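Peer 1: Fold the following.
(chains A and B)
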Amino acid sequence: KAGVTQTPRYLIKTRGQQVTLSCSPISGHRSVSWYQQTPGQGLQFLFEYFSETQRNKGNFPGRFSGRQFSNSRSEMNVSTLELGDSALYLCASSLEGTSGSLTLGELFFGEGSRLTVL
Amino acid sequence: LAKTTQPISMDSYEGQEVNITCSHNNIATNDYITWYQQFPSQGPRFIIQGYKTKVTNEVASLFIPADRKSSTLSLPRVSLSDTAVYYCLVGDGSSASKIIFGSGTRLSIRP
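Peer 2: Next up, the predicted model:
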């Protein structure tokens, strides 16, 4: 079973540009969540998508957006890049828990996209 | 959302047993406790999950006391490859958005 695939793995942009990152979840997983990881702030939740709908959003400015397609693949976009956006962007997929289940669904992470903003 | 507190770093030697304790005083009745491992420039990887008492799998054990206000991840006979950051999380299964990663514990294993 293929894991979570993120592309591109590495990219360099300059301030003011925009970037689009892609995430292909594990087959059958309907939930895709995105995280930003920096040395100073650690792993921070960006947003989660389920069945093409954004279920929740973290505390990030509107420059950060995302979407999910009917095949569960997801993209996130960052517009007007700033130096502080340099980070490892991680995508995770998970199964949707059954109704009434108390089990915390396991998150399966990709290897991330490392963005450097110059 | 339950907040977790872990030691920032720990050191140990190959072949030793390592115990990392996590404090979660505000854990809710529906919350499970989950631990992830992360190597540099990789995404976190699920290690173990539990609700109460003890859970053991092929890589670790998780000890949870009756009050569930803390938990201890136990790694038996560590090796150099266990050098990583370990995250303790608490939450229920209703949404991935409710999973909050704390600062984690940076474990360094020496020969």
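
Peer 1: ok, and for the helix or strand where residue A:47 lies, which residues are buried?
Peer 2: Assigned by DSSP states H and E, residue A:47 falls within strand A:42-50. By neighbour count on 16 or more other C-beta atoms under 10 Å in any protein chain shown, the buried set for strand A:42-50 is A:43-50. Where you see a C-beta, it was placed from the backbone N, CA and C, and this is true even at glycine.

Peer 1: Repeat that for stretch B:43-52.
Peer 2: B:43-45, B:47-50.

Peer 1: and the closest residue to residue B:50 other than its chain neighbours, how many neighbours?
Peer 2: Once flanking residues are discounted, residue B:50 sits nearest to residue B:62: 4.4 Å by C-beta to C-beta, 6 or more residues apart in numbering or on different chains. Residue B:62: 23 surrounding residues under other C-beta atoms under 10 Å in any protein chain shown.

Peer 1: What of the one 5 residues further on?
Peer 2: Using other C-beta under 10 Å, residue B:67 has 9 neighbouring residues.

Peer 1: One more: the one 5 residues further on?
Peer 2: Neighbouring residues of residue B:72 were enumerated by other C-beta under 10 Å; the total is 16.

Peer 1: Quick one: residues in contact with the strand or helix carrying it.
Peer 2: Applying DSSP H and E as the criterion places residue B:72 in strand B:70-75. By C-beta atoms under 8 Å, 6 or more residues apart in numbering or on different chains, the residues outside strand B:70-75 that reach it are B:17-24, B:33, B:35, B:47-48, B:50, B:59-64, B:82, B:86, B:88.

Peer 1: quick one: residue B:70 and chain A, what's the gap?
Peer 2: Applying C-beta to the nearest C-beta, to the nearest Å, the value for residue B:70 to chain A is 17 Å.

Peer 1: Over to residue B:53?
Peer 2: Distance of residue B:53 to chain A, given as C-beta to the nearest C-beta: 15 Å.

Peer 1: okay but that residue is in contact with residue B:64, surely?
Peer 2: Yes: using C-beta atoms under 8 Å, residue B:53 is in contact with residue B:64, at 6.2 Å.

Peer 1: For the two, work out which one has more neighbours and name it.
Peer 2: residue B:64 (21 against 11).
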